[in-house]
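**Student:** here is my input, please return the structure:
(one chain, ligands or ions: 1)
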Amino acid sequence: MKENISQALCAYIQDYAAQNQLPALWQTPIIKYASANDPLFPKLRELVVDSHQLPQDFLPGAVSVLSWFIPFLPAVSQGNEAGDRPSPQWHQAYTATNAMAAQVNQRLCQFIQGLGYDAAVPVNAGTISPQQLVSRWSQRHVAYIAGHGTFGRNNMLISDQGCAGRYYSIVTTLPVPPDSRPEGERCLHKRNGSCGLCMARCPMGALSPEGFLRERCYARCMENMALQGPDGEDVCGKCLAGLPCSHRCPP
Ligand code: B12
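**Tutor:** Numbering: from 1, shown residues only. As a prediction, the model looks like this:
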C-alpha cells in the first residue's frame, strides 16, 4: 500500500509540473507515516501552542497521518546562497510548491477515498497571526513524529534528503504501519559542534544555540515580500542554503 501511495504522489507531482509548464524544481518526494494516536500529538499543545490540533480534529476516526517532504533540486537552494535577499528562483519555488501541494493533497485524498477509506487535508496550517507566529498544525513537528528526521539549529527538520524543501501532510482512516523515528542527531552542530553555518548565514542574527528569534526572522521575510512587489511572498531561505544538511542527511 505504501508503494502505491508513493507512486500516486510522484505521478500527481509530475502531472502538476507538466500542466503548469514549470521548470525543474523538485526531487522525488519522501513519505513517512505516523499513527494518529501517537502520544506525541497531544504533546504538541505544550511544545508548539496550546490550541494545536489533533489528527482527529480534522477527520474523526483518523488512524494514520501521512507526512510528505518535497526536496528542492540542489540548484534551487544553491541559487539562493549568494547575497542576503532571496533569489527569484527561491521565491518561485516557494509559490509553486505551495500551489502544487494544495492540488496534489486533494488528489491524494481522492486516491485514498478510492480505496474505501477517508482522508482530509488539515486546515489551519498557516500562521495563527503576526502576533502569534506559530501554526495549529506544525508540519515540522508532524514530520518529526512520522520519522522524517531531527531538527537543525536552523529549526529545519533534516530529512533523509536534507532540509531544503517543504513538508505537507494529510490525515486518514487508512491503517498504515507507522515509520520509526531515526536514531542519532542529524544536525552537525548539535551532534558535535562541527558546523553552525546556518546560524552564520542568517542576515538577522535570528538563530543561535539559545533559541530562535522568530519576530526578527518574520520582519526580514516581510521586508523581502515588500521588496518583491505585488507578487511578493514572505520568503528568505538563507538559513537552509549551502549547508552540509541542505540536500542530504550528514553521515
Ligand atoms: C509560522 C511559520 C513561520 C514564521 C515563524 C517561524 C517559525 N519557525 O515558527 C516565519 C514567517 C518567520 C517563518 C519563516 C520561515 N519559514 Co516558516 N513556517 C511557519 C509555519 C506556518 C508554522 C511554524 C510553527 O508553528 N512552528 C512551531 C514552532 C514552535 O516550532 P519551530 O519554529 O519549528 O521550532 C521548534 C523546533 O526547532 C523544535 N525543536 C528543536 N529541537 C527539537 C528536538 C525535538 C525532539 C523536538 C520534538 C522539537 C525540537 O523546537 C522549536 C520550538 O518548539 C510552518 C508551516 C506549518 N504549518 O508548520 C512554516 C515552515 C516551518 N516554514 C518553512 C520555511 C522553509 C521557512 C523559511 C525558510 C522561509 C522561506 N520559505 O524562505 C523561514 C525559516 C525560519 C526558521 N529558521 O525557522 C518550512 C520549513 C521546512 C523545513 N525543511 O523544515 C515550513 C514547515 C513550511 C512547509 N510547509 O514546509 N515561518
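
**Student:** only C-alpha atoms from now on, for both contacts and neighbour counts.
**Tutor:** Will do.

**Student:** what's the pLDDT at the nearest residue to A8 once chain neighbours are set aside?
**Tutor:** Of all residues not flanking A8 in the chain, L108 sits nearest, at 7.3 Å (CA to CA, 6 or more residues apart in numbering). L108 carries a pLDDT value of 97.

**Student:** L108: which element?
**Tutor:** Per DSSP states H and E, L108 falls inside helix 88-114.

**Student:** got the contact list for the following helix or strand past that helix?
**Tutor:** Downstream of helix 88-114, the next assigned helix or strand under DSSP H and E is strand 119-120. Contact partners of strand 119-120, identified using CA atoms under 8 Å, 6 or more residues apart in numbering, comprise F58, L59, A62, C109, Q110, I112, Q113, I170, V171, T172, T173, L174.

**Student:** give me the pLDDT value at the last one.
**Tutor:** The pLDDT attached to L174 in the predicted structure is 98.

**Student:** okay, now the closest residue to it other than its chain neighbours: neighbour count?
**Tutor:** Spatial nearest neighbour of L174, excluding adjacent residues (CA to CA, 6+ apart): Y117 at 5.6 Å. Neighbour count for Y117, taken as other CA atoms under 10 Å: 15.

**Student:** what's the pLDDT at Y117?
**Tutor:** 98.

**Student:** who are the contact partners of it?
**Tutor:** Counting by CA under 8 Å, 6+ apart, Y117 makes contact with T172, T173, L174.

**Student:** which one of the residues you listed is nearest the ligand?
**Tutor:** Nearest to the ligand among these, counting by CA to the nearest ligand atom, is T172 at 17.8 Å.

**Student:** in three-state terms, how would D15 be classified?
**Tutor:** Classification of D15 by DSSP: H, G, I helix; E, B strand; the rest coil places it in helix.

**Student:** go on, I31?
**Tutor:** On the three-state scheme (three-state DSSP), I31 is labelled strand.

**Student:** I'd say it and A8 touch.
**Tutor:** No. Using CA atoms under 8 Å, I31 makes no contact with A8, being 11.4 Å away.

**Student:** these two: who's more crowded?
**Tutor:** Between I31 and A8, I31 has the larger neighbour count (other CA under 10 Å), namely 23 against 16.

**Student:** now do the helices in this structure.
**Tutor:** With DSSP state H as the criterion, the chain has helices at 2-19, 40-47, 55-58, 74-78, 88-114, 139-146, 188-192, 197-201, 214-227.

**Student:** got JSON lines for those, with distance to R181 too?
**Tutor:** Output for these, formatted as JSON lines (distance: least, CA to CA, whole Å):
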{"stretch": "helix 2-19", "distance to R181": "17"}
{"stretch": "helix 40-47", "distance to R181": "12"}
{"stretch": "helix 55-58", "distance to R181": "19"}
{"stretch": "helix 74-78", "distance to R181": "25"}
{"stretch": "helix 88-114", "distance to R181": "23"}
{"stretch": "helix 139-146", "distance to R181": "7"}
{"stretch": "helix 188-192", "distance to R181": "17"}
{"stretch": "helix 197-201", "distance to R181": "24"}
{"stretch": "helix 214-227", "distance to R181": "27"}
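
**Student:** near the ligand, which residues of the protein?
**Tutor:** Contacts of the chain with the ligand, taken as CA under 6 Å from any ligand atom, map to 47-48, 125-127, 133-135, 137-140, 151, 154-157, 163-168, 214, 217-218, 235-237.

**Student:** filter those residues to the buried ones?
**Tutor:** The neighbour count (16 or more other CA atoms under 10 Å) marks 125, 134-135, 137-140, 151, 154-157, 163-168, 217-218, 235-237 as buried among these.
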